[in-house]
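Asks: Just need the structure, nothing else, for what follows:
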Amino acid sequence: MKPVDLHHGAASEVGHVRKVNEDSFLVAPPVFVVADGMGGHSGGDVASRIVVEEFARMVELGYDTRRGAESVAETLSRAQVRILQYGEAQRGTHPRWHAGTTCVAAVLVEDHEGTKWMLANLGDSRIYRFNDGELDQVSVDHSVVQELIDAGEITAEQAATHPERHVITRALGSPEGVAPDFFLLPLSAAERLLLCSDGISGMIEDKAIEDILDRVHDPRDAADALVQAALDAGGRDNATAVVVDVVGLVHDDSYDSERQRASLEDKLGARP
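Replies: This next block holds a predicted model:
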């Protein structure tokens with residue numbers, strides 16, 4: 001695979017209501033991941049961290065860029081096994097213990113046409129693309145309200161306040177198994193990608209996300225601005241954003257790679 005220069009930024013905050021940040025993220029070019037954990041007794045944060053650890057392992061060991069979907073599916077399956085095993089151990093002392101996590105991932109792959117983005121999602125964390133000043137949601141939420149929208153029973157506006165808007169239908173840690181959706185995008189179709197937990201998309205409207213991605217050129221500052229906007233809107237959930245730009249497609253040259261590495265080391269902290 002020909003080298004692709006990627007600029008990126010990430011930010012994550014616990015928010016104003018939650019006591020623990022159950023989101024985890026990975027920035028390990030050419031692999032980017034956001035996972036939003038769910039569950040008590042240190043369940044959600046462990047589940048999301050397991051996902052990030054498994055993708056970090058995939059990067060460390062190397063993956064076949066021509067088998068992107070298979071590599072991601074295998075990684076998710078390993079995470080699923082670990083989460084279920086951890087759950088079995090925890091239920092020895094906490095019988096009602098449960099944990100799960102969403103996952104969105106962006107991975108560079110290649111086929112006969114060249115390098116592309118392989119995107120995967122489970123749950124209601126989201127992947128957006130920003131191209132030519134317009135925001136597009138690529139992933140489709142695995143949620144009760146999305147199923148109601150698809151069935152024509154409610155509108156997208158009604159979904160925003162629906163009492164079951166936080167109920168998801170697919171997640172890692174679910175005994176039903178792992179069934180991610182995959183999307184393949186040419187690099188030219190996504191000059192900027194956003195991976196985020198629903199602490200972003202559930203707090204600010206797509207128009208506000210679009211305005212930030214259009215206005216803030218540096219991906220580090222864009223990630224910070226998205227999280228801050230979610231906090232300003234109430235911060236009712238953990239908020240995580242990862243912004244990735246493909247150099248040559250974006251229209252900004254103010255990127256500083258040394259500052260980028262230092263910034264990410266500070267932000268990742270205890271993150272894998």
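Asks: mind checking how far the residue nearest to the spatial centre of the chain is from Leu119?
Replies: Nearest to the mean C-alpha position of the chain, by C-alpha atoms, centre = their mean, lies Val34 at 2.9 Å. Distance of Val34 to Leu119, given as C-beta to C-beta, to the nearest Å: 12 Å. Every residue, glycine included, has its C-beta placed from N, CA and C.
Asks: where do the strands sit along this protein?
Replies: 6-13, 23-28, 31-38, 100-101, 103-111, 114-122, 126-131, 134-137, 181-186, 192-196, 239-246 (DSSP state E).
Asks: just to revisit the earlier point, I'd guessed the residue nearest to the centre of the chain sits against Cys196; true?
Replies: Yes. Using C-beta atoms under 8 Å as the test, Val34 is close enough to Cys196 to be in contact (6.2 Å).
Asks: Give the intersection of the neighbour lists for these two.
Replies: Val104, Ser125, Thr240, Ala241, Val242 (C-beta atoms under 8 Å, 6 or more residues apart in numbering).
Asks: follow-up on the earlier one: identify the bridge partners of the nearest residue to the residue nearest to the centre of the chain once chain neighbours are set aside.
Replies: Using C-beta to C-beta, 6 or more residues apart in numbering and skipping the chain neighbours, the partner closest in space to Val34 is Leu195 (4.4 Å). On the basis of DSSP bridges, Leu195 is bridged to Ile127, Val242.
Asks: Just give me the neighbour total for Arg96.
Replies: 7 (other C-beta atoms under 10 Å).
Asks: before we move on, back to that, give the bridge partners for the residue nearest to the centre of the chain, please.
Replies: With DSSP bridges as the rule, Val34 is bridged to Phe25, Val104.
Asks: what sits against it?
Replies: Asp23, Ser24, Phe25, Cys103, Val104, Ser125, Leu195, Cys196, Ser197, Thr240, Ala241, Val242.
Asks: quick one: least confident helix or strand in this structure?
Replies: helix 257-268 (a mean of 43; mean pLDDT, DSSP states H and E).
Asks: who wins for most neighbours among the shared contacts of Val34 and Cys196?
Replies: Ala241 (32 neighbours).
Asks: Is it in contact with Cys196, as I believe?
Replies: Yes. The criterion here is C-beta under 8 Å, and Ala241 meets it with Cys196 at 4.7 Å.
Asks: Residues that sit against both of Val34 and Leu119, list them.
Replies: With C-beta under 8 Å, 6+ apart, Val34 and Leu119 have common neighbours Val104.
Asks: which of the residues in stretch 137-156 are buried?
Replies: Across stretch 137-156, burial judged by 16 or more other C-beta atoms under 10 Å covers Val138, Ser139, Asp141, His142, Ser143, Val144, Val145, Gln146, Leu148, Ile149, Ile154.
Asks: Could I get those residues in TSV, plus columns for distance to Leu226 and pLDDT?
Replies: TSV is the format used below for the buried residues of stretch 137-156 (distance: C-beta to C-beta, whole Å; pLDDT from 0 to 100):
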residue	distance to Leu226	pLDDT
Val138	16	97
Ser139	16	96
Asp141	18	93
His142	22	90
Ser143	21	79
Val144	25	80
Val145	22	77
Gln146	21	75
Leu148	27	81
Ile149	24	75
Ile154	26	77
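Asks: Those into CSV, with extra columns for distance to Asp45?
Replies: Shown next, in CSV, are the buried residues of stretch 137-156 (distance: C-beta to C-beta, whole Å):
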residue, distance to Asp45
Val138, 26
Ser139, 22
Asp141, 22
His142, 21
Ser143, 21
Val144, 24
Val145, 25
Gln146, 25
Leu148, 30
Ile149, 30
Ile154, 32
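Asks: which among the residues you listed gets closest to Asp181?
Replies: Nearest to Asp181 among these, counting by C-beta to C-beta, is Ser139 at 6.8 Å.
Asks: Could you check how many residues crowd around Glu113?
Replies: Neighbour tally, Glu113, other C-beta under 10 Å: 8.
Asks: give the contact list for it.
Replies: Per C-beta under 8 Å, 6+ apart, neighbours of Glu113: Pro186.
Asks: for Gly44, same thing?
Replies: Val20, Glu22, Asp36, Gly37, Met38, Ala99, Gly100, Thr101.
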